[in-house]
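*Asks:* this is a predicted model, with the sequence first.
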Amino acid sequence: MNEVYKVGDKCIVQEITLLNREEKTWSLSQFEGKICVINFWATFCKPCLEEIPFFEQTYNFYNGDVEVFAIDAAGSPEEEISDYASTRWPDYNIKFGLDDEKLQYYERLGGKGILPMTV
C-alpha cells in the first residue's frame, strides 16, 4: 500500500539517475534536505510536455532554492531522454532523470499509470 504524502512531508529518497547536459549522472539523494519538486512525465504525454515550462518558471521564481526533477515514467532509454530534453529544453535548469525499469519510485510515490504526476 502506498503512503499518502502531504505538502511539507519528507519524501522517501531513492537512487535515481539524473542526466545533465554533460552526460554525467547525479543521485537524487544528493539533494536530501532541499525543497524538491518531482515530476513524472513521458515524451508521448502531451500534458506532460506542456507543463515542463511551468516547472522552469517555478525554479526561476524561487531563484534556484527549489530543485525541480523531471523523471521519465515510461521506461525510456537514457539516451532517448537525454537527447529529447537537451533538444527541446536546452537551457532549462530542470534536472531530467530516469526511474528504474520497473518504475518503482513512481509507484512508491503513488503513481498508478496516469501521467503527469507531481510530488
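*Replies:* Everything's here; your move. Numbering: from 1, shown residues only.
*Asks:* what is the longest helix of the protein by residue count?
*Replies:* Longest helix in the chain, counting residues (DSSP state H): helix 46-61.
*Asks:* mind listing what's buried in the following helix or strand past it?
*Replies:* Following helix 46-61 in sequence order, the next helix or strand is strand 66-72 (DSSP states H and E). Neighbour counts over strand 66-72 (16 or more other CB atoms under 10 Å) mark 67-72 as buried. From N, CA and C alone the C-beta is placed, and that goes for glycine too.
*Asks:* strand 66-72 pairs with which strands, and in what direction?
*Replies:* strand 35-41 (parallel), strand 95-98 (parallel) (DSSP bridges).
*Asks:* hmm, who's touching the longest one?
*Replies:* Among residues not part of strand 35-41, those counted as contacts by CB atoms under 8 Å, 6 or more residues apart in numbering are 11, 28, 48-49, 51-52, 55, 58, 62, 65-73, 99, 106, 109, 111, 115-119.
*Asks:* same thing but 6 Å
*Replies:* Outside strand 35-41, the residues that touch it by CB atoms under 6 Å, 6 or more residues apart in numbering are 48, 66-71, 73, 106, 116-119.
*Asks:* now pLDDT and distance to Trp41 too, for those, in TSV please.
*Replies:* Formatted as TSV, the contacts of strand 35-41 follow (pLDDT from 0 to 100; distance: CB to CB, whole Å):
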residue	pLDDT	distance to Trp41
Cys48	94	4
Val66	90	17
Glu67	88	16
Val68	90	11
Phe69	88	10
Ala70	91	5
Ile71	90	7
Ala73	90	7
Tyr106	86	10
Pro116	95	5
Met117	94	8
Thr118	93	9
Val119	86	12
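*Asks:* with distance to Ser86 as added columns, please give these in TSV.
*Replies:* Putting the contacts of strand 35-41 into TSV (distance: CB to CB, whole Å) gives the following:
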residue	distance to Ser86
Cys48	17
Val66	22
Glu67	19
Val68	16
Phe69	16
Ala70	12
Ile71	16
Ala73	19
Tyr106	22
Pro116	20
Met117	23
Thr118	22
Val119	25
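*Asks:* circling back to that earlier point, pick the most deeply packed of the strands paired with strand 66-72.
*Replies:* The highest average neighbour count among the strands paired with strand 66-72, using mean count of other CB atoms under 10 Å, belongs to strand 95-98 at a mean of 23.
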